[in-house]
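Enquirer: Quick one, fold the following:
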Amino acid sequence: MKTRSMAVLTAILVVAPLIAVGPGPQAAAQSRPGGPARSAESTLVGGIDLDTVTIPELQTRMDRGSLSSVRLTLAYLRRIKAVDPKINAVLRTSPTALAQAAASDIRHRLGRTRGPLDGIPVLLKDNVNTRDMPTTAGSLALAGKPPATDAELVAKLRAGGAVILGKANLSEWANFRAAKPTSGWSAVGGQTHNPYVLDRNPCGSSAGSAAALAASLAQVAIGTETDGSIVCPAGMNAVVGLKPSLGVVSQSGVVPISAEQDTAGPMARNVVDTALTLSVLGGGDPAPGLAEAAARTGALRGKRIGLWRLPVLGAEVDALMTRTAERLRAAGAEVVEVDLPYQDRLAALEFPALLSEFHRDIDAYLATRKGPRDLAGLIEFNRAHPQEQTCFAGQELFEQALAAPPTTDPQYLAMRAELADLSRRSIDEVMTEHGLDAIASPANPPAWTTDCGRGDNDVIPSSTPAAVAGYPSLSVPAGFVGELPVGLLLMAGNHQDADLLSLGAAVEHRLDGRRAPRYLPTLPTG
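Expert: Here you go, the predicted model:
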């Protein structure tokens, strides 16, 4: 870079942190006679609506100079300050976010942008290592010094020019601690609330990532999933979440449950932004023209989708699936009813296998951090710290994992082999038999009332086949049961992520199943 460019960049980097504490454009406008008054909670900035704008639209404006990453980042920081107290989704913001944005603005001016996420604010689930911010998995045991290095996926985001905006709350230890957990609660961050109805639950361990997106507190977010923890929060908060095929996104530097099932994945308010984020996290096609192709008349014509209804999620969700099928058929898709085999056996085997894998993998991770050095030490830490017991006291899963057979045990090895075989067959056989492009099912029931004493009230079997198989699954907003969002979960064969995103974009366009939250305190009784 030329000396003059470096001097300009340095000046902006020095000034940028001061912008955050000075009066912003809205405040200045309101202080001027005749200046337009606008709520600090507004999603409007520079003539765009954060709730609906896509990354390609933002990049076009930044390339033209009508929008800067600093202004965009500042808008999200202000929304976090104004709106997050209602939902408690963001644990912390990065002290360098505006400096990162200023560096991106220089790259845009010089024509040296690094890809689709350059200048785009991203929230990270707080089980993803960051060298400059704490990474806690929601636990006080990890609340001290940050990790020594970034997770590999964070390094890719930084290399791509993304603005790391901050860390999102999560279900402590990704919901793998207690037998009766409350999703969205952690000892570090407290309880995250569903933005649509605040006394309802956000679901799954990526609760803060999904709730923050629903409230337009970042453009995209990173979640993680072992079984359901991206796709259920996405559905319950009316956003998009992709659980990629296993191995597409590096798990290095992410607090683990199971190397056999864990994956990080992108979440956003639309499929296009989700696809672009995946292209940075895992490489591959950055989905050029995906939005235009999805909106094209006939984009769904001839697509074959198997509908796995799951009536266990209730009559209202089933009725929504009927309406969804009708809309897809009206767009030219062929929708056939299917049932996935082997589900009872998968349910019986998955949890015991995860216990053994968690003991192995969490011991390896804790050895890299300050604090408890292994699972036994973590159990003792929780017993000694009452703050870890303010919502629920149990750590039954930790205790069961400590006693589980090692992953070298022949019984464990047989379980994992059978899980891999049956989960893949449950998808492959149905797709082959019916000639399907994807299998669809409800991603979630309507959100239950958050209750620390009772714990979660969830019965969500739809995520398990793809999660155990390591296949991709994608949740897109399908609509609402009253005020509560429900997602449509799409799953496909191994490493069919790009095809699934293309289909998901067309389904999203047809269903138009999202609306902005109203932050209702509760629902009327009855």
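Enquirer: P352: how many residues sit nearby?
Expert: When neighbours are counted by other C-beta atoms under 10 Å, P352 registers 17. C-betas here are computed from N, CA, C, even on glycine.
Enquirer: which secondary structure element contains it?
Expert: helix 343-366 (DSSP states H and E).
Enquirer: what helices or strands is that helix leaning on?
Expert: For helix 343-366, the elements it packs on are helix 375-384, helix 396-403, helix 410-434, helix 464-469, judged by 3 or more C-beta pairs under 8 Å, 6 or more residues apart in numbering; DSSP states H and E.
Enquirer: So for S94, which of these sits nearest?
Expert: Ranking the helices and strands packed on helix 343-366 by proximity to S94 (C-beta to C-beta) places helix 375-384 first, at 27.0 Å.
Enquirer: now this structure, which segments are flagged as low pLDDT?
Expert: Within the chain, the ranges that satisfy pLDDT under 70 run 1-40, 285-288, 526.
Enquirer: Closest to the centroid, which residue in it?
Expert: Geometric centre of the chain, nearest residue: G223, 3.4 Å, by C-alpha atoms, centre = their mean.
Enquirer: Strand partners (parallel or antiparallel) of whatever helix or strand that residue lives in?
Expert: Following DSSP H and E, one finds G223 within strand 220-225. Strands that pair with strand 220-225, judged by DSSP bridges, come out as strand 121-125 (parallel), strand 263-268 (antiparallel).
Enquirer: May I have the longest one exported as CSV, CA atoms only?
Expert: It refers to strand 263-268. Provided in CSV are the C-alpha atoms of strand 263-268 (Å, rounded to 0.1, in the frame of the first residue of the first chain):
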residue,chain,number,x,y,z
THR,A,263,-20.1,-27.8,12.9
ALA,A,264,-20.3,-24.1,12.9
GLY,A,265,-22.5,-22.4,10.4
PRO,A,266,-23.8,-19.1,9.0
MET,A,267,-27.1,-17.5,10.1
ALA,A,268,-28.7,-14.4,8.6
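Enquirer: what about dumping the CA coordinates of the helix or strand just after that strand to CSV?
Expert: Sequence order places helix 271-282 as the next helix or strand after strand 263-268, per DSSP H and E. Output of helix 271-282 as CSV, limited to C-alpha atoms (Å, rounded to 0.1, in the frame of the first residue of the first chain):
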residue,chain,number,x,y,z
VAL,A,271,-30.5,-17.1,2.3
VAL,A,272,-28.3,-15.0,0.1
ASP,A,273,-26.4,-13.6,3.1
THR,A,274,-26.2,-17.1,4.5
ALA,A,275,-24.7,-18.4,1.3
LEU,A,276,-22.2,-15.6,1.0
THR,A,277,-21.0,-16.1,4.6
LEU,A,278,-20.6,-19.9,3.9
SER,A,279,-18.4,-19.0,0.9
VAL,A,280,-16.0,-17.2,3.3
LEU,A,281,-16.1,-19.8,6.1
GLY,A,282,-15.7,-22.8,3.9
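Enquirer: from the chain's centre, how far out does helix 271-282 sit?
Expert: Here the centre of helix 271-282 is set off from its chain's centre by 12 Å, with C-alpha atoms, centre = their mean, to the nearest Å.
Enquirer: With stretch 415-426 instead?
Expert: With C-alpha atoms, centre = their mean, you get 26 Å for stretch 415-426.
Enquirer: ditto for stretch 282-299
Expert: For stretch 282-299 - counting by C-alpha atoms, centre = their mean - the centre lies 21 Å from the chain centre.
Enquirer: quick one on the thing from earlier: name the nearest residue to the residue nearest to the centre of the chain, ignoring sequence neighbours.
Expert: Leaving aside its sequence neighbours, G223 sits nearest to S206 (C-beta to C-beta, 6 or more residues apart in numbering; 3.2 Å).
Enquirer: dump the residue contacts of N494.
Expert: Counting by C-beta atoms under 8 Å, 6 or more residues apart in numbering, N494 touches 245, 424, 469-472.
Enquirer: can you redo those as CSV with distance to V507?
Expert: Shown next, in CSV, are the contacts of N494 (distance: C-beta to C-beta, whole Å):
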residue, distance to V507
S245, 19
R424, 24
A469, 21
G470, 23
Y471, 18
P472, 14
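Enquirer: Sort out which of those are buried, if you could.
Expert: Among the contacts of N494, those scoring as buried are 245, 424, 469-472 (criterion: 16 or more other C-beta atoms under 10 Å).
Enquirer: farthest pair in those?
Expert: R424 and P472 (12.7 Å).
Enquirer: neighbours of R518, just the number please.
Expert: 10.
Enquirer: the inter-axis angle of the helix or strand harbouring A102 versus strand 121-125?
Expert: Applying DSSP H and E as the criterion places A102 in helix 97-110. On the basis of axes from the mean of the first three to the mean of the last three C-alpha atoms, to 10 degrees, helix 97-110 is oriented at 140 degrees to strand 121-125.
Enquirer: pretty sure E396 is in contact with P181, am I right?
Expert: No. If you go by C-beta atoms under 8 Å, E396 and P181 don't touch, sitting 9.8 Å apart.
Enquirer: When those two are compared, which one has more neighbours?
Expert: P181 (24 against 13).
Enquirer: That one contacts F392, doesn't it?
Expert: Yes. Taking C-beta under 8 Å as the definition, P181 is a contact partner of F392 at 6.2 Å.
Enquirer: Quick check: neighbours shared by the two?
Expert: In contact with both P181 and F392: G455, using C-beta under 8 Å, 6+ apart.
Enquirer: what about G47, distance to A506?
Expert: Using C-beta to C-beta, to the nearest Å, G47 is found at 28 Å from A506.
Enquirer: which ones are touching L402?
Expert: Contact partners of L402, counting by C-beta under 8 Å, 6+ apart, are 359, 375-376, 379.
Enquirer: ok, now how distant is it from I362?
Expert: 10 Å.
Enquirer: same deal with T368?
Expert: T368 is 11 Å from I362, by C-beta to C-beta.
Enquirer: okay, these two: which has more neighbours?
Expert: More neighbours surround I362 than the other of T368 and I362, with 23 against 12 (other C-beta under 10 Å).
Enquirer: Is the more buried one in contact with P256, as I believe?
Expert: Yes. The pair I362 / P256 is scored as a contact, 6.2 Å apart, by C-beta under 8 Å.
Enquirer: Make sure I have this right: L165 is in a helix.
Expert: No. Per DSSP: H, G, I helix; E, B strand; the rest coil, L165 lies outside any helix segment and is strand.
Enquirer: and the residue nearest to it when sequence neighbours are not counted, what are its bridge partners?
Expert: Nearest residue to L165, sequence neighbours excluded (C-beta to C-beta, 6+ apart): P121, at 4.2 Å. Using DSSP bridges, the bridge partners assigned to P121 are V163.
Enquirer: Roughly how far does P121 sit from V249?
Expert: Using C-beta to C-beta, we find P121 at a distance of 19 Å from V249.
Enquirer: T54 too?
Expert: For T54 relative to V249 (C-beta to C-beta), the value is 21 Å.
Enquirer: These two: who's more crowded?
Expert: V249 (28 against 19).
Enquirer: before we move on, back to that, ranking the contacts of L402 by neighbours, who comes first?
Expert: H359 (22 neighbours).
Enquirer: show me what contacts V486?
Expert: 235-236, 317, 320, 442-446, 478-480.
Enquirer: can we see that at 6 Å?
Expert: 317, 320, 478 (C-beta atoms under 6 Å, 6 or more residues apart in numbering).
Enquirer: Work out the sheet partners of the one helix or strand it maps to and label each with its direction, please.
Expert: Applying DSSP H and E as the criterion places V486 in strand 484-491. Strand 484-491 pairs in its sheet with strand 438-442 (antiparallel), strand 473-481 (antiparallel), by DSSP bridges.
Enquirer: So what touches the longest one?
Expert: Put plainly, it is strand 473-481. So strand 473-481 is contacted by 231, 234-235, 238, 240-243, 316, 320, 324, 443, 446, 466, 486-491, 500, 504, 507-508, 511, 513-514 (C-beta under 6 Å, 6+ apart).
Enquirer: before we move on, what about stretch 262-276?
Expert: 54-55, 116, 153, 209, 213, 220-224, 226, 230, 234, 239-244, 246, 249, 251, 254, 256, 277-278, 286-287, 290-291, 501, 504-505, 508.
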